[in-house]
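J.: Fold the following and give me the result.
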Amino acid sequence: MLFTIALGGNALQQRGEPLEADLLKKNSLAAAKVIAELAKEHQVLIVHGNGPQVGLLALQNTAYKEVKPYPFDILGAESQGMIGYVLQQNISNYLSERTVVTLLTQVIVDKEDPAFQNPSKFIGPVYQEAQLEEIKKQNPHWLIKPDGKYYRRVVPSPKPQQIYELEAIQSLLTQNTIVIAGGGGGIPCIQDSSGKLAGVEAVIDKDMTASLLAQRLNADHFIILTDVEAVCEQWGTPEERKINDISVKELESKSFAAGSMQPKITAACQFTKHSKKTAMIGNLTQLKQIINHQAGTRITC
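T.: Predicted coordinates:
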């Protein structure tokens with residue numbers, strides 16, 4: 001069976017933690033261990049998030065004033081290499097008999113996507129409300145929105161239209177290779193009428209790219225792993241309630257936080273509607289229980 005796993009950037013870098021390399025390595029060990037166990041018996045494609053990490057690269061990017069800041073497509077490529085390397089190495093250490101490959105992946109988007117006019121993708125570290133005035137003073141061009149009880153920078157997040165390296169990913173999977181691809185949602189590119197690619201300033205949502213990959217590759221299972229146990233109604237309130245099993249129709253009738261849970265819901269529903277198969281959302285540490293229907297949220301037709 002082919003499992004497509006969308007691994008949240010916040011699952012690799014816990015909220016409130018400093019964005020340090022040692023912590024990225026430490027947190028990725030847990031992901032690598034559970035994924036390696038799954039890969040002993042199945043094909044696995046991993047799509048990781050990069051929100052905290054690409055935000056850090058953007059901050060570091062502006063520190064050296066002698067050159068113009070690098071654009072987000074290049075920063076996205078950097079984050080694919082950085083996170084992919086750590087995951088690849090750790091999975092290989094747990095499962096040395098299997099080949100693990102990180103593939104730099106370009107994802108084509110529509111240059112007219114309305115997301116360019118309405119940024120919604122959270123990146124970088126979280127900030128307390130007391131920090132906002134100083135942060136905005138230092139970065140007047142930033143757009144900042146609430147993220148739960150914190151605040152974070154947001155950037156455009158256009159919908160993925162096409163995976164440029166899809167055939168290469170398919171080829172690697174047929175050779176029983178564990179593939180890490182579409183990291184951070186992929187490197188955002190537009191394509192002209194002659195087929196030439198050019199990067200654009202954006203960060204694609206990794207869950208949407210993972211869903212598209214799962215659909216195109218006819219994956220048997222699509223699992224979104226994050227830092228929460230399940231999809232919850234009224235999240236963060238006294239009325240919070242976990243959702244265990246739910247249909248696409250019912251789930252789509254509900255509303256969730258636009259910059260965090262809603263993209264996961266949309267991605268899961270799109271996979272289920274397209275494939276008629278079950279999508280799952282849950283905590284990274286409970287992957288086995290999620291697969292066995294003992295944890296997380298299951299979205300069905």
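J.: And residue 244, how far from residue 260?
T.: 20 Å (C-beta to C-beta, to the nearest Å). Backbone N, C-alpha and C define where each C-beta goes, glycine included.
J.: who has more neighbours, these two?
T.: Applying other C-beta atoms under 10 Å to residue 244 and residue 260 shows that residue 260 carries more neighbours, namely 19 against 12.
J.: Could you measure from the more buried one over to residue 277?
T.: Residue 260 is 24 Å from residue 277, by C-beta to C-beta.
J.: Kindly report the same for residue 37.
T.: 22 Å.
J.: more neighbours, the two?
T.: Neighbour count, other C-beta under 10 Å: between residue 37 and residue 277, residue 277 has more, with 17 against 14.
J.: part of a strand, is the more buried one?
T.: No - Residue 277 is assigned coil when assessed by DSSP: H, G, I helix; E, B strand; the rest coil, not a strand.
J.: Make sure it is actually in contact with residue 221.
T.: Yes - using C-beta atoms under 8 Å, residue 277 makes contact with residue 221 at a distance of 7.1 Å.
J.: how far away is the residue nearest to residue 175 when sequence neighbours are not counted from residue 9?
T.: For residue 175, ignoring the flanking residues on the chain, the nearest one in space by C-beta to C-beta, 6 or more residues apart in numbering is residue 99 at 7.7 Å. To residue 9, residue 99 is 25 Å away according to C-beta to C-beta.
J.: Of those two, which one has the most company?
T.: residue 9 (24 against 14).
J.: who touches the more buried one in this structure?
T.: 48-53, 83, 184, 206 (C-beta atoms under 8 Å, 6 or more residues apart in numbering).
J.: quick one: the helices in the stretch 201-301 of the chain?
T.: 206-216, 248-252, 261-275, 287-291 (DSSP state H, counting those that start in this stretch).
J.: What residues of the second one count as buried?
T.: Which is helix 248-252. For helix 248-252, the buried set under the neighbour-count rule, 16 or more other C-beta atoms under 10 Å, comprises 248, 251.
J.: Give me the contacts around it.
T.: 231, 243, 265, 268-269, 272-273, 299-301.
J.: Tell me the one of these nearest residue 32?
T.: residue 268 (23.4 Å; C-beta to C-beta).
J.: first to last residue in stretch 9-22, what's the distance?
T.: Start-to-end span of stretch 9-22 (C-alpha to C-alpha, to the nearest Å) is 15 Å.
J.: Quick one: mean pLDDT over it.
T.: Average pLDDT, stretch 9-22: 80.
J.: likewise stretch 258-270?
T.: The model assigns stretch 258-270 a mean pLDDT of 88.
J.: cool, and stretch 57-75?
T.: 90.
J.: Can you point out the buried residues in it?
T.: 57-58, 61, 72-73, 75.
J.: same question, stretch 11-20
T.: For stretch 11-20, by 16+ other C-beta under 10 Å, it's 11-13, 19.
J.: Using CSV, please lay out those residues together with distance to residue 31 and secondary structure.
T.: What follows is the buried residues of stretch 11-20, written out as CSV (distance: C-beta to C-beta, whole Å; DSSP: H, G, I helix; E, B strand; the rest coil):
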residue, distance to residue 31, secondary structure
11, 7, helix
12, 7, helix
13, 11, coil
19, 17, coil
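J.: Quick one: those residues as TSV, columns for distance to residue 198 too.
T.: Listed next are those as TSV, based on distance: C-beta to C-beta, whole Å:
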residue	distance to residue 198
11	31
12	29
13	30
19	29
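J.: outside of stretch 287-294, which residues touch it?
T.: 5, 34-35, 37-38, 221, 223, 225, 280, 282-283, 286, 295-296.
J.: quick one: contacts for the closest residue in space to residue 48 that isn't next to it in sequence?
T.: Distances taken as C-beta to C-beta, 6+ apart place residue 7 nearest to residue 48, at 4.5 Å, with adjacent residues excluded. Going by C-beta under 8 Å, 6+ apart, residue 7 touches 31, 35, 46-49, 87, 225, 284.
J.: Let's see which of those residues end up in strands.
T.: Using DSSP state E, the subset of the contacts of residue 7 located in strands is 46-48, 225.
J.: Who wins on neighbours among these?
T.: Neighbour-wise, the ones in strands among the contacts of residue 7 (other C-beta under 10 Å) top out at residue 48, 30 neighbours.
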